[in-house]
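> Give the three-dimensional model of this entry:
(chains A and B, ligands or ions: 2)
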Amino acid sequence: MNLTAIIAALQQGDLRALARAISIVEAGGATAEALLDQVPLLASKADVVGITGAPGAGKSSLLDCLIEVYKQRDSRVGVVAVDPTSSVHDGAILGDRIRWMRHACSPNVVIRSLASRGSLGGVSAATAAVVRLLAAAGCRPVFVETVGVGQIGSEIAGIAGLVVALTAPGLGDDIQMMKAGVLDVADLVVLNKADLPGASALHSALAAELEHRGGRIISTNAIDGGGVAELVGAIDELRHAAGRTPNGHPVDRSRLEARIVEHSLALLRPRLRARLATMANLNLPPDDLARILAEAHETSRPLSNP
Amino acid sequence: MRGKILIAKPGLDGHDRGAKYIARCLRDDGFEVVYTGIRRTPEEIVSSAIQEDVDVIGLSILSGAHLEIFAEIFRLLKERGAGDIAVVGGGIIPEPDIITLRAAGVRAIFTPGSSLEEMLVLFRELAGETRRQRGLITS
Ligand SMILES: Nc1nc2c(ncn2[C@@H]2O[C@H](COP(=O)(O)OP(=O)(O)O)[C@@H](O)[C@H]2O)c(=O)[nH]1
Ligand SMILES: [Mg+2]
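Ligands and ions are numbered 1, 2, ... in the order given. Next up, the predicted model:
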């Protein structure tokens, strides 16, 4: 099948063509570029919802509840789940799908698992392009579950119009979450596992922290579905009021700045990687390498679309 | 990355220690492994394999119903134009059944006597074959 035929088929909703296109884009290189040139850009980032948070917080379990709600609507729902590639072996176990098997045969649900393949920011290098392909195949919204380790959640802000950050009692990451800057990019904070001891104290602490920022916290229980309706309400509200907080206030400037920086980095990343790949000697001090990359960028042609 | 593999355990019997072990060995050998767990129906396995665009489906089988299960999986793969995905199986499978399954198109059957190395070599070969056919690798 040639690329034009693959794109025509996926736009008709052909899942096999969509899956094939995603593999091509993941493999990268000239074929991937040629394919992406023919795929429309996202009409609105409000159609992309990122779910981030530490491993074990319940991202996949909560997404299972969200899929159940969104698949009843009249468009397909897309899900991209990123799991870490082992730095030693180059392989990965993609284990999120196991929580979504009840949706496996639903014609309205499209799920794709990706390995992070060396990216450290919570998504793989191809994730933004994969999201575009799912959107081109009619998925609204597309949910992206991040790896949830490292500098959580920053790259996802460059892809998703709406970022949901998840935490849970017992992870000990409420303070870390704030330090890591997750609250700067999160539009909604969810305290999952509301059934566990310590949940209400954590809810109050996070609510107090978020109050200054015009942010909002919702408690959920992904096992019995508690709080899911409220979460769906908040997601829909935010999707329809992109650029506004739930109270209707404009998103504060620091959060916008963080998002713009992240988005710019997402655009730059592939170019920097390509430039690095052409350099014979990487045994230079990191500062020197960074300077060389920055200068190379100044003299290079303008960025094409991501 | 050597290729993408879906591991599933169809049938009604309970434990998946073997399937999980194989999934980890494949990961350590450089494969991306979609693990889908126990009690999967052929329909779930085929839909997932297509959406994930895997190169190989590996099925762990203990129950007696394996002949029907493989037949149904092949029927669904063909019906959806995904006959190029290689299918292999592992488990305690009697010799006469192995012959029938191989004749039906199962590319390899691993039994408790198979070595890990032997399995990995086969997964590498099959994944490489599928990926070359699809133009995902050119060598
Ligand atoms: N008690 C309780 N357990 C939960 C809840 N949500 C998820 N879990 C459990 O937490 C574990 C990790 O969930 P998972 O969705 O895989 O987390 P992820 O790593 O963030 O995707 C699983 O054992 C879930 O069953 C919840 O609301 N309450
Ligand atoms: Mg998960």
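
> Where does B:D97 fall, secondary structure wise?
Per DSSP states H and E, B:D97 falls inside helix B:95-104.

> what's the burial count for residue 4?
Because you didn't say which chain, this covers chain A. 11 (other C-beta atoms under 10 Å in any protein chain shown). In short, each C-beta sits where N, CA and C put it, glycine included.

> I was after chain B.
B:K4, neighbours per other C-beta under 10 Å, totals 25.

> Now do the helices in the stretch 201-306 of chain A.
A:228-240, A:253-277, A:286-298 (DSSP state H, counting those that start in this stretch).

> Please read the previous query as pertaining to the stretch 51-200 of chain A.
Counting by DSSP H, counting those that start in this stretch, the helices of the stretch 51-200 of chain A are A:59-70, A:127-136, A:154-159, A:174-179, A:182-185, A:199-211.

> From the chain's centroid, how far away is the longest helix that chain B contains?
When chain B is parsed with DSSP state H, its longest helix is helix B:116-133. What separates the centre of helix B:116-133 from the centre of its chain is 11 Å, taken as C-alpha atoms, centre = their mean, to the nearest Å.

> for the record, mean pLDDT for it?
In this model, helix B:116-133 has an average pLDDT of 95.

> one step back: got the buried residues for the helix holding B:D97?
B:D97, B:L101 (16 or more other C-beta atoms under 10 Å in any protein chain shown).

> do stretch B:20-31 as well
So for stretch B:20-31, counting by 16+ other C-beta under 10 Å, buried means B:K20, B:I22, B:A23, B:C25, B:L26, B:R27, B:D28, B:D29, B:G30, B:F31.

> Show the pLDDT at A:S116.
Model confidence at A:S116, given as pLDDT, is 89.

> Could you pull up the residues touching it?
Shown in contact with A:S116 (C-beta atoms under 8 Å, 6 or more residues apart in numbering or on different chains): A:V82, A:D83, A:P84, A:T85, A:A92, A:G122, A:V123, A:S124, A:V147.

> one step back: least confident of the helices of the stretch 201-306 of chain A, on average?
Taking the mean pLDDT of the helices of the stretch 201-306 of chain A, helix A:253-277 comes last: a mean of 70.

> Give me the neighbour count for the closest residue in space to A:H103 that isn't next to it in sequence.
Among residues not flanking A:H103 along the chain, A:V109 sits closest, at 4.3 Å (C-beta to C-beta, 6 or more residues apart in numbering or on different chains). Residues contacting A:V109 under the criterion other C-beta under 10 Å number 21.

> just B:R39 next, same as before
The burial count for B:R39: 15, using other C-beta under 10 Å.

> Would you mind listing what in chain A touches ligand 2?
Counting by C-beta under 5 Å from the ion, the residues of chain A close to ligand 2 are A:K59, A:S60, A:D96.

> go with 8 Å
Residues of chain A lying near ligand 2 by C-beta under 8 Å from the ion: A:P55, A:K59, A:S60, A:S61, A:L63, A:A81, A:D83, A:G95, A:D96, A:R99, A:E145, A:G148.

> The first one reaches A:E145, doesn't it?
No: here A:P55 lies out of contact with A:E145, judged by C-beta atoms under 8 Å, at a distance of 10.9 Å.

> In terms of neighbours, single out the busier of the two.
A:E145 (26 against 11).

> Next up, the contacts around that one.
Neighbour list for A:E145: A:I51, A:K59, A:S60, A:L63, A:V79, A:V80, A:A81, A:V82, A:D96 [criterion: C-beta under 8 Å, 6+ apart].

> Going by distance to A:A160, which of these wins?
A:I51 (8.8 Å; C-beta to C-beta).

> Please list all residues in contact with that closest one.
So A:I51 contacts A:K59, A:L62, A:L63, A:F143, A:V144, A:E145, A:T146, A:V164, A:L166 (C-beta under 8 Å, 6+ apart).

> which of the residues you listed lies closest to A:Q38?
A:V144 (22.5 Å).

> how close does that closest one sit to A:G227?
As judged by C-beta to C-beta, to the nearest Å, A:V144 and A:G227 stand 21 Å apart.

> These two: which has the busier surroundings?
Using other C-beta under 10 Å, the more surrounded residue of A:V144 and A:G227 is A:V144, with 28 against 19.

> Report the contact partners of the more buried one.
A:48-51, A:79-82, A:123, A:127, A:131, A:156, A:159-160.

> Take those residues and keep only those in strands.
Among the contacts of A:V144, the members falling in strands (DSSP state E) are A:V48, A:V49, A:G50, A:I51, A:V79, A:V80, A:A81, A:V82.

> residues near the closest residue to the third one other than its chain neighbours, how many?
The reference is to A:G50. Using C-beta to C-beta, 6+ apart and skipping the chain neighbours, the partner closest in space to A:G50 is A:A160 (3.4 Å). The tally of other residues near A:A160 (other C-beta under 10 Å) stands at 30.

> From what I see, A:A160 and A:T52 are in contact.
No: A:A160 lies out of contact with A:T52 (C-beta under 8 Å); the separation is 9.0 Å.

> per-residue pLDDT, the residue of the stretch 101-250 of chain A found nearest chain B?
Closest to chain B within the stretch 101-250 of chain A is A:A104: 4.3 Å, counting by C-beta to the nearest C-beta. Looking at A:A104, its pLDDT is 95.

> That one is in contact with B:E44, isn't it?
Yes: between A:A104 and B:E44 there is a contact under C-beta under 8 Å: 4.3 Å.

> list residues touching both of these two?
B:T36.

> what would the contacts of A:V144 look like in JSON lines with distance to ligand 1 and pLDDT?
Formatted as JSON lines, these follow (distance: C-beta to the nearest ligand atom, whole Å; pLDDT from 0 to 100):
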{"residue": "A:V48", "distance to ligand 1": "18", "pLDDT": "93"}
{"residue": "A:V49", "distance to ligand 1": "15", "pLDDT": "94"}
{"residue": "A:G50", "distance to ligand 1": "13", "pLDDT": "93"}
{"residue": "A:I51", "distance to ligand 1": "8", "pLDDT": "94"}
{"residue": "A:V79", "distance to ligand 1": "12", "pLDDT": "98"}
{"residue": "A:V80", "distance to ligand 1": "13", "pLDDT": "97"}
{"residue": "A:A81", "distance to ligand 1": "8", "pLDDT": "97"}
{"residue": "A:V82", "distance to ligand 1": "11", "pLDDT": "94"}
{"residue": "A:V123", "distance to ligand 1": "14", "pLDDT": "81"}
{"residue": "A:T127", "distance to ligand 1": "16", "pLDDT": "91"}
{"residue": "A:V131", "distance to ligand 1": "19", "pLDDT": "95"}
{"residue": "A:I156", "distance to ligand 1": "14", "pLDDT": "81"}
{"residue": "A:I159", "distance to ligand 1": "18", "pLDDT": "85"}
{"residue": "A:A160", "distance to ligand 1": "16", "pLDDT": "87"}
